[in-house]
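>>> Any chance you could fold what I've pasted below:
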Amino acid sequence: MDNQSYAARFLPGCFPMRMPLMAACVAISAIFCPKFASAHPCPEGTTLKRVPTSRETRSTPYYPVREDFCVRDAGRTTETRHGKYILWGPNGEVQQEGNYVNGRKNGEWIYRLPSQTIVRTWKQDRYVGARVISSPSDFVIDFSACVPHTFNIPSTFGSTTYALIGSKDAKCQLEYSIEIEMGIGPSIRCLVPLTVGRVTIPNTETGLDFSAIGKYCASEK
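The predicted structure follows:
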C-alpha cells in the first residue's frame, strides 16, 4: 500500500501528500488532517502518541481508525498511559474521550454512539456507573475519506441503515435504506464525488435526510 492510500484509509480526511515513510505520515497527521488536529495537551513528562487501530479493530463497530493518548516512558516496554485519551471514528468524529491516571481510567469518559452519547464514570480503573446525556440530531459523513463502515441510526419512528462501500473512479459508494414502523423503504445507491468532502446529514423523525447528496443517488432496481 502506498503512502497516499495509507493516509486515505487509516487517517481519513488527510490532504493528498507524498512522504517517503509511512511513519512520518502518522507522526504529522495532525498537520495534514485538520479534523484530527484538535488540541491534545499531555501532562509534563509524557509523550503524545497517535496510533492507527488494527485491521481487526477497524472492522468492528463502530469502526474506529485511530487512538491518541499520552504515555510515560515512551518507547519502553513498560509505557504507562497518563493523561487525555481520544478514539477517532471513520468520519473524523470523536468516539471516546477520557483520562488515564497512572495507567488507569479515571473520571468521566464520554462514549459517542450513533444512537446516543453516554458518560461512564471510572475511579482508578473501577467502573462506577453510566448515564445517557443526549441523542445526536445529525451525523457527518466524510466522502473524501470514504472509509468503509455500516451504521444503523435510530429515529423517532424508525431507523436508517447506511453503508459506505468504498471508493472507485474518484467516487464514494453509499447505500442506505429507511425503515419506518415495520416497513422498509427501497435501497438507495449513491455515487458521491470524493471532492464533496464532509457532509452533515440531519436525523429527522422518519430517518436520515440525504437530500444534500440527493443528486448523486438513485433507487436500486
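>>> which regions of the chain lie under the pLDDT threshold?
1-38, 221 (pLDDT under 70).
>>> Tell me which stretches of it form helices.
3-10, 22-27, 29-32, 55-58 (DSSP state H).
>>> Contacts only, for the residue nearest the centre of the chain.
The chain has residue 89 as the residue nearest its centroid, 1.2 Å off, counting by C-alpha atoms, centre = their mean. Each residue near residue 89 by C-beta atoms under 8 Å, 6 or more residues apart in numbering is listed here: 62, 63, 64, 65, 95, 112. (Glycine included, C-beta is placed from N, CA and C.)
>>> swap the cut-off to 7 Å and go again
Contact partners of residue 89, counting by C-beta atoms under 7 Å, 6 or more residues apart in numbering, are 62, 63, 64, 65, 95.
>>> could I get the residues you listed as CSV with distance to residue 85?
Shown next, in CSV, are these (distance: C-beta to C-beta, whole Å):
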residue, distance to residue 85
62, 16
63, 18
64, 12
65, 15
95, 11
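>>> Make CSV from these and add distance to residue 178 and neighbour count to it.
Converted to CSV, the contacts of residue 89 look like this (distance: C-beta to C-beta, whole Å; neighbours: other C-beta atoms under 10 Å):
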residue, distance to residue 178, neighbour count
62, 20, 17
63, 21, 19
64, 26, 20
65, 26, 23
95, 24, 19
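>>> Closest one to residue 154 out of these, please.
Nearest to residue 154 among the contacts of residue 89: residue 62, at 14.0 Å, using C-beta to C-beta.
>>> And the closest one, how far from residue 146?
Computed as C-beta to C-beta, to the nearest Å, the residue 62 to residue 146 distance reads 17 Å.
>>> Could you do residue 198 as well?
For residue 198, the distance to residue 146 - C-beta to C-beta - is 11 Å.
>>> Compare the two (neighbour count), which wins?
Set residue 198 next to residue 146 and count neighbours by other C-beta atoms under 10 Å: residue 146 wins out with 24 against 15.
>>> Who does residue 48 form a beta bridge with?
Beta-bridge partners for residue 48, by DSSP bridges, are residue 70.
>>> swap that for residue 130, please
residue 120.
>>> my read: it touches residue 122, true?
No: at 10.1 Å, residue 130 does not count as touching residue 122 under the criterion of C-beta atoms under 7 Å.
>>> Comparing the two, which residue is more hemmed in?
Taking neighbours as other C-beta under 10 Å, residue 130 and residue 122 compare with residue 122 leading, 19 against 13.
>>> show me the residues around the residue nearest to the more buried one when sequence neighbours are not counted that make contact.
Closest residue to residue 122 apart from its sequence neighbours, by C-beta to C-beta, 6 or more residues apart in numbering: residue 105 at 4.0 Å. Contacts for residue 105 (C-beta under 7 Å, 6+ apart) come out as 98, 122, 125.
>>> which among those residues gets closest to residue 202?
residue 98 (28.5 Å).
>>> what number of residues lie near the closest one?
20.
>>> May I have the beta-bridge partners of it?
Beta-bridge partners of residue 98, as defined by DSSP bridges: residue 85.
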